[in-house]
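Undergrad: Below are the sequence and a predicted model for it; my questions follow.
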Amino acid sequence: MIIQGEAFSFFEKIFKNKLPSNAFLILGDGRETEKTAELLIKFLNCKNKIYCKKCSACLTATPFGLKIYEASALKIEDARDIYSRSRLTSWAGTKIFLIKASSLAFDVQSTLLKTLEEPGSNSYFIFLSPSDGGFSLPLLSRLTTLKIALPKAPDEDFNKYIESKNASKMLETALTYSKDRAKTEKALEAFEFWAEEKIKSLALDLKRMLIFTNDLLMIKKRFYDKTYSNRQLLEHVILSKTYLE
């Protein structure tokens, strides 16, 4: 699901008839993603699941049943703790598990999948991640994925060549906006689109294509893991582009 416009109206609409899920994945990073998660928690914590702002749960500043797990890579001990806690009876009623992690190992995902398949009563799960690339298909199938629609960047010139998917022009000035993470992400998206079209139109040898594909996957992984600076990644993109020319 794409969250477009005001998030409160979006949640009000999807919660109106029936809860869409007891487990959610919110894609993105930054304050907007955090605010979306906070609002979702308020809807889930409400006794009527509508964030009525009147019940005792809504009037509580911090939900008593909220447990937060935050790490770049979730530990297996944390995954097991989530499983155990989800099956306990909470005097607060609702149990909400907020999991902020960009990396989930195989054993961690297996434990989380088991948790979602056998959730305790009144247990809800919210995952925050910059990408769904690190989630297995079985785990994703248990999650309602939410993605925030990004507003258009105010830079008109930048928008013009992003919209035209002119990768060559984009990369000529790429390093000048490397401090802007949102623009870097848009640049990577535009470059990926350009590369896909280029591959379709050219008869490239397999070796060059494999090198380029591996490069692109590594660039995106490093971007979402935040292990390299935007400038380093954009420089890598500029070099990788030569494999398709």
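TA: Sure thing, it's come through.
Undergrad: where do the strands sit along this protein?
TA: 2-3, 23-27, 66-70, 95-100, 123-129, 144-148 (DSSP state E).
Undergrad: Pop the domain breakdown of this protein in here.
TA: 2-148, 156-244 (automatic domain parsing).
Undergrad: Now render those as CSV, adding mean pLDDT and mean neighbour count.
TA: To be clear about C-beta, it is placed using only N, CA and C from the backbone, and glycine gets the same treatment. Formatted as CSV, the domains of the chain follow (pLDDT from 0 to 100; neighbours: other Cβ atoms under 10 Å):
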stretch, mean pLDDT, mean neighbour count
domain 2-148, 86, 16
domain 156-244, 69, 15
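Undergrad: List the contacts of the residue nearest the centre of the chain.
TA: Among the residues of the chain, the one closest to the centroid is L27, at 2.0 Å (Cα atoms, centre = their mean). Contact analysis of L27 by Cβ atoms under 8 Å, 6 or more residues apart in numbering lists 33, 129-132, 145-148.
Undergrad: which one of those is nearest K221?
TA: Nearest to K221 among those, counting by Cβ to Cβ, is S131 at 8.5 Å.
Undergrad: The closest one touches D225, doesn't it?
TA: No. Using Cβ atoms under 8 Å, S131 is not in contact with D225, being 9.2 Å away.
Undergrad: so what sits against both of these two?
TA: Common neighbours of S131 and D225, using Cβ under 8 Å, 6+ apart, are S102.
Undergrad: residues contacting the residue nearest to T60 when sequence neighbours are not counted?
TA: The shortest distance from T60 to any non-neighbouring residue, by Cβ to Cβ, 6 or more residues apart in numbering, is to N45 (7.7 Å). Neighbouring residues of N45 by Cβ under 8 Å, 6+ apart: 57-58, 60, 63, 65-66, 94, 96.
Undergrad: cutoff 7 Å now
TA: For N45, the contact set (Cβ atoms under 7 Å, 6 or more residues apart in numbering) comprises 57, 63, 94, 96.
Undergrad: Can you tell me which of these is closest to I3?
TA: For the contacts of N45, the minimum distance to I3 (Cβ to Cβ) is 18.8 Å, reached by I96.
Undergrad: Which residues does the closest one form beta bridges with?
TA: Beta bridges link I96 to L66, Y124 when assigned by DSSP bridges.
Undergrad: thinking again about what came up before, let me have the strands of the chain in a markdown table, extended by distance to L217.
TA: Below are those laid out as a markdown table (distance: least, Cβ to Cβ, whole Å):
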| stretch | distance to L217 |
| --- | --- |
| strand 2-3 | 24 |
| strand 23-27 | 18 |
| strand 66-70 | 26 |
| strand 95-100 | 23 |
| strand 123-129 | 17 |
| strand 144-148 | 20 |
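Undergrad: ok, T213 to K220 distance?
TA: T213 sits 11 Å away from K220, going by Cβ to Cβ, to the nearest Å.
Undergrad: go on, T115?
TA: With Cβ to Cβ as the criterion, T115 and K220 are 28 Å apart.
Undergrad: do the same with G65
TA: G65 is 36 Å from K220, where distance means Cβ to Cβ.
Undergrad: again, but for L112
TA: L112 sits 23 Å away from K220, taking Cβ to Cβ as the criterion.
Undergrad: and the nearest residue to K147 once chain neighbours are set aside, what are its bridge partners?
TA: Of all residues not flanking K147 in the chain, L27 sits nearest, at 4.5 Å (Cβ to Cβ, 6+ apart). Partner residues in beta bridges with L27, using DSSP bridges, are S129, K147.
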